[in-house]
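S.K.: Here's a sequence, model it:
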Amino acid sequence: MKKILLAVLAGVVMMSSAWADTQYKILVLAMPSKYHYEYIPVARDSFEKLGKLHAFDMTYTNKPEVFDGDLSQYAAVMFLNTPPEELNEARRKKFEDYMKAGGNAMLVHRSLIIPPNTWPWFEKLIGRHVGTHPMLQTGVADVVDKKFPAAFGLPDHWIWSDEWYVFDDPYKISINPVLNVDESSYDPTKIWPGQVSHGMGKDHPVSWYHYVDKSRVFVTALGHDGNMYKDPQYLAHLMGGIWWTATGKGVKP
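M.R.: As a prediction, the model looks like this:
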């Protein structure tokens, strides 16, 4: 009887250990730039809490040297407000190889801005090219795809304050919009002296997903200010993106 009890207890310990295992691992590259640096410690704290809550592991760093290592261990790589042009040629090649081998990418806010023709492959990965953006304003983001995980924690019409990036489509990439911003809810022309912005009209995506061969890519243009990374709805938006990007799960039929 004693042996049986010990065996049962051992089994319980083993199962508890298995249940505690993380489901997947992601890499978050959060490099500072001129206007984006205060978010780094805030996002790290929030992402660590998300990892504990949703059982995923994470490497969070502002050092591009992480791309010198083994990227295949990551279910997804996130560029979090990181200027993509900061990667040198060798690290760009490592990331391209990772994606071509079936890796997945999540791109957030500043990571969507890249000087034209500096890394055309990455421009196509984004799916759109950032032209300008007006000053940060409060607007309404409308959920376009209620069946996508990055929209599950959001109301149909979400009041949000951000830089509403204006995009063009030089490569004619097919994307699946998740959120569109309603340009009647803010002033698309409110921009700094010497610059001009006219908005995009009715079809103005600010978050989308698409596929590049076998790879999943989730994009959100939202996330300028550090305090945003404490907001429950914004974190739900990011968590839905993380989950789908890393696993491919969650999209409702």
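S.K.: Now do the same for His129: its pLDDT.
M.R.: The pLDDT attached to His129 in the predicted structure is 96.
S.K.: Contacts for stretch 241-253, please.
M.R.: By C-beta atoms under 8 Å, 6 or more residues apart in numbering, the surrounding residues in contact with stretch 241-253 are 23-24, 26, 50, 54, 56, 75-76, 78, 104-106, 146-150, 152, 207, 209, 216-218, 220, 240. Quick note: C-beta positions are derived from backbone N, CA and C, even for glycine.
S.K.: try 7 Å
M.R.: For stretch 241-253, contacts defined as C-beta atoms under 7 Å, 6 or more residues apart in numbering pick out 24, 26, 56, 75-76, 104, 106, 147-150, 216, 218, 220, 240.
S.K.: Tell me the gap between it and the middle of its chain.
M.R.: Averaging C-alpha positions (C-alpha atoms, centre = their mean, to the nearest Å) puts stretch 241-253 12 Å from its chain's average.
S.K.: Alpha carbons of it, as CSV, please.
M.R.: Presented in CSV, the C-alpha positions along stretch 241-253 are these (Å, rounded to 0.1, in the frame of the first residue of the first chain):
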residue,chain,number,x,y,z
GLY,A,241,-1.6,38.4,-31.6
ILE,A,242,1.0,36.5,-29.7
TRP,A,243,-1.2,33.4,-29.3
TRP,A,244,-2.1,33.2,-33.0
THR,A,245,1.4,34.1,-34.3
ALA,A,246,3.1,31.5,-32.1
THR,A,247,0.5,28.6,-32.5
GLY,A,248,-1.8,29.4,-35.4
LYS,A,249,-4.7,28.8,-33.0
GLY,A,250,-7.7,30.8,-32.0
VAL,A,251,-9.2,31.9,-35.3
LYS,A,252,-12.9,31.1,-35.2
PRO,A,253,-14.4,29.4,-38.3
